[in-house]
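Student: Have a look at this prediction, sequence included:
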Amino acid sequence: MSSLQSAHRTFLWPDPGDQRPAGETKATTRYLSCVSRCIRLVRMEPWVHFLFPEVTVRCTIQRVFLFLLAPLCCINVFAAVVPAAISATAEVRYHFGDNVTWADPGFNDSSWAVALGGLFRLPPFHSDGIVWVRFRVPVPADNAAGASLWLFNPHAVSEQVFLDGKLIRQSGELPPKPKGVRLPMFTVLDPAGISQQASFATIALRLWYPPAFRYSGGEDHVACELGSTAVLKERQRAERLSLILSWVPLLSLDALLALLGFGLLGLWRWVGRRDLLWFALLLIFYPLNHLLIDLPVIASLPITSHLWACLLVAGNIPAMFITVKFLWILFDLRVRPLSIVLHASWIIWNAVSFMTIFATTPSPALAWMMPIVIVSLTVFNLGTLLIELRYLVTGPNRAIAAAMAVIPIASCLSVSGLDPTNLFGIPHLELFQAGVFFVGIFLSVMLARRAFAEWREVTRLRVEFSAAREVQQRLVPAALPSIDSFQIEAVYRPAQEVGGDFYQVLSRKDGSTWIVIGDVSGKGLKAAMTGTLALGALQILTQEPLEPAEMLSRLNAQLATSADGGFVTCLCVLSSPDGILKLANAGHLPPYQNGEEIALESGLPLGITVEAEYCELAIQLAPSDRLTLLTDGVVEAQSATGELFGFDRTRKISTKSAEAIAAAAQAKGQEDDITVLTLTFAPAEVLHA
């Protein structure tokens, strides 16, 4: 049963066994009871803490929630006291086919089928689509000259209304060139020429239904009444008001979803999660889809069937596309064939639905297209359901997958005709719409909690990043000291994420100089603090008469007992003014001399075990010899295609300046901190020449 048909039955023919006060229905009572439960629920402080842990916003949440519920409560009360219309009691007969003489009041229609309660069957699919409906209504004896006709319009898209054989209204165009128009639910006509002597007037309706409407059979309903123009006009206004008010609860729920959607859009701008963006769009376009389809009915606006088809497709296309996109982002899917199938199914469904609504005559092609509509929608529903069930069994988003599964299940039930209406006492609320509302609320809560937790984590990382940057600035000297007989150049290029590169140039009293470069494992504040610990120990040990291997052993003993699970690679160089260098390596990249790698034995990185031992190497530099020290940020620079800068390129450019080496690595694609230090031997007589 469609939402429009359910509206007819709920508001025109209330349950005669209902003993509530005039105008109040069971639906209203159940709905107000549901609202009272919601109000009690929102007062539960744990609900607020479930959504926003450690944040006290109870009063604000209550006010917002009750503000949104207020229209629902009040409008249901107003709708409850609007008197329902009562259908005229007249024998209704109908017949398939077309003959203009059937409008004559003297025509004998006793052989026609009887439409019990005004319900008549739709014409067969392979027919011209025309059905005639006739009934006789009593004429008020006291005001026949000023009488009007109240008509409860059927769902036919083209019709002619005859009163005692005279055409008093035509909407749309009938065959052979039909053009449909969807009429308001209630109409009051002002016919002229009603005989004051007659006790009854004959009403004949010539109705045309397009092939898509009559493919699966079904029924339609009609009712009418003659009466005082003033009374019927007032009745029409009351019925339209009742119809509008009956839709407001459902529209309020849609508005709530749309508000949640815009709220999630703001949250997306805040935290940048793509799943928030697409779910926000989903919450906005689902209510928009309902509004486009239902607005002509709610506002009692006549609308051509072609325009209605355009509105239907215009609302469905973005909603179905966003649904697939959201699932792919939410579950991080990589199954391209399934994506193609789902997108193809909703494209076919919308395209074929559009064409079937535009069709005016039955044909073999149209008969094939009608099942395609059902099959394509079923494929779309089952495809999305398959994804959700897959992640319901295994996956990190089981609760979200379970909630999302409600929508395709509800849609499948709707296609199969098992879709109840007026759920939870809310007029016109069908199972599919209830599923969308449930999923919208549940996922909004889940995604908002996730975004809030992510925001807290980002805030914590931002504070840690700032502190780590500040600490990292102390790992490199602000200015390089001058060294006798050497020219030194250093370049430090930090990555976006705080790393642990460090270097120091420290002079001793005997004229020798310590040149130390290293890299701390890990990132962030922890790496920076470990580097600070290593430099603190280094500055103390440089004043002792230690050789490079002894220096590394002492640093290793300090870090092995103090470092929190991390380690440090380190290369120590002790230079003398005469060009003699002593080197020791603890897991760091070996240095380069004049473009060739120095064969320096490497020990374990510092901080792994106190038993580590380190070897030492002494070399003599000739005038203009260059020693190049660097960190792995140079070697591990990586292009967009994944190509590493590598050791070969590093060796080939190791004779260049520190600035040139760092720039080449950055141009490749910086992944880590880049530190380059070059030491060129130039005796005093060369420096002063």
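Tutor: Structure received. Residues are numbered from 1 along each chain as shown.
Student: Regarding Gln170, what is its secondary structure?
Tutor: strand (DSSP: H, G, I helix; E, B strand; the rest coil).
Student: which residues of the stretch 51-200 of the chain fall in helices?
Tutor: Applying DSSP state H, counting those that start in this stretch to the stretch 51-200 of the chain gives helices spanning 58-81.
Student: in it, what spans have low per-residue confidence?
Tutor: 51-90, 141-146, 192-198 (pLDDT under 70).
Student: repeat that with 50
Tutor: Across the stretch 51-200 of the chain, the ranges flagged by pLDDT under 50 are 51-89, 144.
Student: could you pull out the strands for it?
Tutor: With strands called from DSSP state E, counting those that start in this stretch, the stretch 51-200 of the chain shows them at 92-96, 113-114, 119-121, 130-138, 147-152, 158-163, 166-171, 181-182, 186-189, 200-208.
Student: for the stretch 351-500 of the chain, same thing?
Tutor: Applying DSSP E, counting those that start in this stretch to the stretch 351-500 of the chain gives strands spanning 486-493.
Student: could I get stretch 329-349 in CSV with only the CA atoms?
Tutor: Coordinates of each C-alpha in stretch 329-349 appear next as CSV, following Å, rounded to 0.1, in the frame of the first residue of the first chain:
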residue,chain,number,x,y,z
ILE,A,329,34.7,4.8,2.3
LEU,A,330,33.3,3.5,5.6
PHE,A,331,34.5,0.0,5.1
ASP,A,332,37.5,0.9,2.9
LEU,A,333,36.4,-1.4,0.1
ARG,A,334,38.6,-2.3,-2.8
VAL,A,335,36.2,-4.6,-4.7
ARG,A,336,35.8,-2.7,-8.0
PRO,A,337,33.5,-5.2,-9.7
LEU,A,338,30.9,-4.9,-6.9
SER,A,339,31.1,-1.2,-7.1
ILE,A,340,30.4,-1.3,-10.8
VAL,A,341,27.4,-3.6,-10.3
LEU,A,342,25.9,-1.4,-7.6
HIS,A,343,26.3,1.8,-9.6
ALA,A,344,25.0,0.1,-12.7
SER,A,345,21.9,-1.2,-10.8
TRP,A,346,20.9,2.3,-9.5
ILE,A,347,21.5,3.8,-12.9
ILE,A,348,19.4,1.2,-14.6
TRP,A,349,16.7,1.5,-12.0
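Student: Please identify the buried residues of it?
Tutor: 329-331, 338-339, 342-343, 345-346, 348-349 (16 or more other CB atoms under 10 Å). Any C-beta I mention is one placed from the backbone N, CA and C, and that applies to glycine too.
Student: Likewise for stretch 235-246?
Tutor: By neighbour count on 16+ other CB under 10 Å, the buried set for stretch 235-246 is 235-236, 239-240, 242-246.
Student: Those into TSV, with extra columns for secondary structure?
Tutor: Formatted as TSV, the buried residues of stretch 235-246 follow (three-state DSSP):
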residue	secondary structure
Arg235	helix
Gln236	helix
Glu239	helix
Arg240	helix
Ser242	helix
Leu243	helix
Ile244	helix
Leu245	helix
Ser246	helix
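Student: So which of those residues is the closest to Ala490?
Tutor: Lowest distance from Ala490 to the buried residues of stretch 235-246 (CB to CB) belongs to Ile244, with 76.8 Å.
Student: check contacts around the closest residue to the closest one other than its chain neighbours.
Tutor: Spatial nearest neighbour of Ile244, chain neighbours left out: Ile298 (6.0 Å); criterion: CB to CB, 6 or more residues apart in numbering. By CB atoms under 8 Å, 6 or more residues apart in numbering, the contact list for Ile298 reads 243-244, 247, 251.
Student: Would you confirm that Ala637 contacts Gly669?
Tutor: Yes: in this structure, Ala637 is within contact of Gly669 by CB atoms under 8 Å, at 5.5 Å.
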